[in-house]
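[1] I would like the atomic coordinates for the input below:
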Amino acid sequence: MTTDGLLGTREVVITQPRSFTERSILQRWAEKEHPGARIVSIGAGSEAPAALGEALDGDDTVIVPARVTWVTPEPDESGPVRKLAGLATTAAMRIAWSPLHPTMARHRPDAVRVVAGEPATVADLASRFVAQESGGPGSVGFTRFVARQAVLACDRAERRILGDRYKVPRRMVEQITSSNRFPKLVERLVGQTGSTKAEIEQQLGSCLQEMAAVQSPPAIDVFRAMMGPMHTKAWDVQVDESGLERLRELNKEHALVFLPSHRSYADPLVFAEVLHERNFPRNHVLGGNNLSFWPMGALGRRAGVVFIRRSFGGDTVYKAAIQEYLGHLLAKRFNLEWYIEGGRSRTGKLRRPRYGLLRYLVAAMEDRPELDAVLVPVSIVYDQLHEVGAMAAEQRGGEKKAEGLGWLYGYFRDQRRHIGAARVRFAEPLSLRQALTDAGDGSARLEKVAFRVCAGINRVTPATATSLATFALLSARDRALTLQQVREVVAPLADYLEARGVPVPIAELRTRHGLRMTLDRLAEAGVVTIYSGGTEPVFSISSGRHHVAAFYRNGALHHLLNRAMLELALLRVGDSGEDEDPVDVAWRELARLRDLLKFEFFFSTRREFRDEILREADLVDPEWRRRAGKPADARSALRQAPLLVAPGVLRSFFDAQLVVADRLVALGDEPMPEESEFLNDCLGVGRQMLMQRRLDRPDSVSRELYATALRLAENRELLDSSSPGARRADWQTEVGAVIEDLGRLADLHRARLQVVLGDGDDQAAVPAVATKERAEGDSGVAS
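    Residues are numbered from 1 along each chain as shown. You can find the predicted model right below:
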């Protein structure tokens, strides 16, 4: 509303000066724009002085909020160094340190802007106050409310100049503790805990102060300037622009909850910069308080990071504080972000989701029936990561290095080298309320919603040149390949993924130059060894770097999973008798494999999975629907298929299951010891089995893979139930049979590889698939 020309209208201009210079600028502006108005200063922090309460003495009094904003040009984007320098300059100006204001006003008068928020009458404000908070007009609480509303109105006006990227919360804890909801929450907690009202109020306030982000535009710019070296030099960022525009429209009505994959400490920094550069509001990033050390903690909180305790067990008050805080953010339409895996992937593929924060978000939303949230699965994938070596060492049993200043310095140092591209893609967003309805009732409701999110992330994750190059080299095992041979192995993979509609970097895979650049970058990182002492360079996985190579390879495995399972099913069909129904044999085998791998991968619903397998069969053999469906047809399909991926996709996971099953069988009927001790035992035995060639590849000796296999054993009640020894042995036998089948497919794949690599005339023919009746010691391959 406006008040120009309204005789008798009384105006109060609420200013928020941070210095004498700003006070003078606001004074001159008020005298020009609102002559005769009373001017009351509340300070930058929205404090409510007594003078403000005295000024709120008439329902028709019009409140006009105003502040000074220092506007600077956008930083130069022409390069990482100039960009960071521009960010630092912008941050310094927006901090607007008061002793510098006179100089800034003299030398940069174009940077000074007075922004005025939307005016409102005292009556309007009183009506809002009664609806939102406890108390009534004329109280101290009302005066504080008016001060907060003045700050928020100026924030909205300021965003018209600075953009939505600087939408920030103000005094969130005070808003929550003064709301109509807060007394009811306190009363409920008093009944649950037996503590007094005063104790609960104090504990809630303390918990909220501990976790609440206190964003400010200057702090955001300082954070960007300081944290920029952790990502700006390392990667060129490629973004799904159309997906972001779709989200911009949704954000007008709903809070967005971004749920990205988590492969690097740099994920939130890369993603924040993607949103900032496209004028999205800054997310409230929920993260563990292990990163709240100085200066990350103090600065991170002011830039939107919400530090949550890593563990809070049965702390009822802390849980209630999280739920109330998330609900308040949703109601105010502030966007959220957290990493649903609960930690960085150590293996290169998505980990199983954690449900804690999702559970609190659902509870907060269900406590506010008028609200909904939009979940946004986000894929962030990198050509390479500097930190992957440390994560690979953890898989081999090494200790995770604690975060701190020394760690931060080392991380900054490593990030100075450019290592390729980072790709940010957005899956189809989903309404949380609708997703919960689709999931139905029951204890698995949250799990189904989380799995939909993870499946969405996997669908939009591209296959990188790094992932396919490492897949090819790992499939060759310890053999070195020429550049042309790498191309020959990668080409059918790329063809297959393109046929599936999976994004692949054509220039980096289809040309000798592009593929050589990919291999050179891997060699520079120590993942690949290049030997140039012969007639032409040859490439192989460096000694001791198989876990690192597997990390990159695993980023594409979810695109190959159904294909790998179908190959195993076809192998079983080829072994079946003439009196068995091949279709029944195939689906039975697929169901068994799905059950064995359900803790490693995210599967679609059974109906969707069936449709996916049928489409996969069309790619393997377009004529299969016209055939008689005999075992010989399955063997023929495998012989003629342009590629076989099952050994490269699945062997590491089944080798890890074999180790865990072996150690459980060794216990007989005894319960499993403490988990950490058991996993250490698996690591030792796994290394031994690898040296004895009982395991196929080094990347299967992995603490993370053993931990996941242990979850499968627990699901099958093989850990502590009574007399589990026989069932443990059955699992070991079952896994061993799958490994035998993978070995037979590997024989066929190696024979094909020998044809590709030109090993002589005796390998010129593609061999047939051996049956189970092959002689002991036979290679399983017949020409």
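[2] Which neighbouring elements make contact with whichever strand or helix holds Phe307?
    Phe307 belongs to strand 305-308 when assigned by DSSP states H and E. The contact analysis (3 or more Cβ pairs under 8 Å, 6 or more residues apart in numbering; DSSP states H and E) places strand 305-308 against helix 197-211, strand 284-288, helix 296-302. Yep, even glycine has a C-beta here, placed from its N, CA and C like the rest.
[3] Distance from the chain centre to that strand, please.
    15 Å (Cα atoms, centre = their mean, to the nearest Å).
[4] need the next SSE after it, C-terminal direction.
    Following strand 305-308 toward the C-terminus (DSSP H and E): helix 316-331.
[5] So which elements touch the helix or strand following that following helix?
    Later in the chain than helix 316-331, the nearest helix or strand by DSSP H and E is strand 336-337. Secondary-structure packing of strand 336-337 (3+ Cβ pairs under 8 Å, 6+ apart): strand 255-260, strand 284-288, helix 316-331.
[6] Other residues contacting strand 336-337?
    255-260, 268, 271, 283-286, 326, 329-330, 361, 373 (Cβ atoms under 8 Å, 6 or more residues apart in numbering).
[7] Would you mind checking the average pLDDT for the helix or strand where Leu560 lies?
    For Leu560, the host element (DSSP H and E) is helix 557-575. Averaging pLDDT along helix 557-575 gives 95.
[8] residue ranges of the helices in the stretch 151-300 of the chain, please?
    172-177, 181-193, 197-211, 217-227, 241-250, 267-277, 296-302 (DSSP state H, counting those that start in this stretch).
[9] At which residues are the helices of the stretch 601-750 of the chain located?
    606-620, 631-640, 646-666, 675-691, 703-715, 725-757.
[10] Domain-wise, how is the chain divided?
    11-162, 197-460, 465-554, 556-783 (automatic domain parsing).
[11] just checking, which of those comes out with the lowest mean pLDDT?
    domain 11-162 (a mean of 79).
[12] How many residues are close by the nearest residue to Arg128 once chain neighbours are set aside?
    Among residues not flanking Arg128 along the chain, Gln149 sits closest, at 7.4 Å (Cβ to Cβ, 6 or more residues apart in numbering). Under the neighbour criterion other Cβ atoms under 10 Å, Gln149 is assigned a count of 22.
[13] Quick one: residues contacting the closest residue to Val528 other than its chain neighbours.
    Leaving out its chain neighbours, the residue that sits closest to Val528 by Cβ to Cβ, 6+ apart is Leu522, at 4.0 Å. Contact partners of Leu522, counting by Cβ under 8 Å, 6+ apart, are Gln384, Thr466, Ala469, Thr470, Val528, Ala549, Tyr552.
[14] Repeat that for Arg38.
    Neighbours of Arg38 in contact, by Cβ under 8 Å, 6+ apart: Arg10, Glu11, Val12, Val13, Ala55.
[15] what do you get if the cut-off is 10 Å, keeping everything else the same?
    Arg10, Glu11, Val12, Val13, Ile14, Ala30, Ala51, Leu52, Glu54, Ala55, Thr61 (Cβ atoms under 10 Å, 6 or more residues apart in numbering).
[16] Would you list the phi and psi of it?
    Per-residue torsions, Arg38: phi -80, psi 140 (degrees, to the nearest 10).
[17] And it, how close does it get to Val62?
    As judged by Cβ to Cβ, to the nearest Å, Arg38 and Val62 stand 11 Å apart.
[18] what residues are shared contacts of those two?
    Joint contacts of Arg38 and Val62 (Cβ under 10 Å, 6+ apart) are Arg10, Glu11, Val12, Val13.
[19] Which ones among these lie within strands?
    Members of those lying in strands (criterion: DSSP state E): Glu11, Val12, Val13.
[20] closest to Gly648 among those residues?
    Of all these, Gly648 sits closest to Val13, with 70.3 Å by Cβ to Cβ.
[21] correct me, but that closest one touches Lys32?
    No - the pair Val13 / Lys32 is not scored as a contact, 11.3 Å apart, by Cβ atoms under 10 Å.
[22] higher neighbour count, those two?
    Val13 (25 against 9).
[23] now that one, which residues is it bridged with?
    In this structure, Val13 bridges to Ile39, Val64 when assessed by DSSP bridges.
[24] Enumerate every residue touching it.
    26-27, 29-31, 33-34, 37-41, 55, 62-66, 116, 119, 150.
[25] how about 8 Å then?
    Contacts of Val13 (Cβ under 8 Å, 6+ apart): Leu26, Ala30, His34, Ala37, Arg38, Ile39, Val40, Val64, Pro65, Ala66.
[26] State the distance from it to Asp57.
    Counting by Cβ to Cβ - Val13 and Asp57 are separated by 15 Å.
[27] swap in Val388?
    From Val388 to Asp57 the distance is 65 Å (Cβ to Cβ).
[28] Equivalent analysis for Leu162, please.
    In terms of Cβ to Cβ, Leu162 sits 34 Å off from Asp57.
[29] Which of those two has more residues huddled nearby?
    Per other Cβ under 10 Å, whichever of Leu162 and Asp57 has more neighbours is Leu162, with 18 against 11.
[30] what's the burial count for Arg752?
    21.
[31] Can you pull out the residues in contact with the first helix or strand past the helix holding Leu560 going along the chain?
    Remark: after helix 557-575, the chain's next helix or strand is helix 582-596, criterion DSSP H and E. With contacts defined as Cβ under 8 Å, 6+ apart, helix 582-596 is touched by 565-566, 568-570, 572-573, 576, 603, 609, 613, 629-631, 633-634, 654, 657, 712, 734-735, 738.
[32] now stretch 120-137
    1, 56-63, 141-142, 145-146, 149, 153, 178-180, 182-183.
[33] mind checking how far Gly534 is from Ala480?
    Distance from Gly534 to Ala480, by Cβ to Cβ: 10 Å.
[34] Show me where the stretch 51-200 of the chain has its strands.
    62-70, 112-116, 120-121 (DSSP state E, counting those that start in this stretch).
[35] Out of the ones you listed, which is the most enclosed?
    strand 62-70 (a mean of 24; mean count of other Cβ atoms under 10 Å).
[36] elements contacting that one?
    By 3+ Cβ pairs under 8 Å, 6+ apart, strand 62-70 packs against strand 11-15, helix 20-33, strand 112-116, strand 120-121, helix 140-162.
[37] which one of the contacts of Val13 is nearest Leu497?
    Closest to Leu497, out of all of those and judged by Cβ to Cβ, is Pro65, at 55.7 Å.
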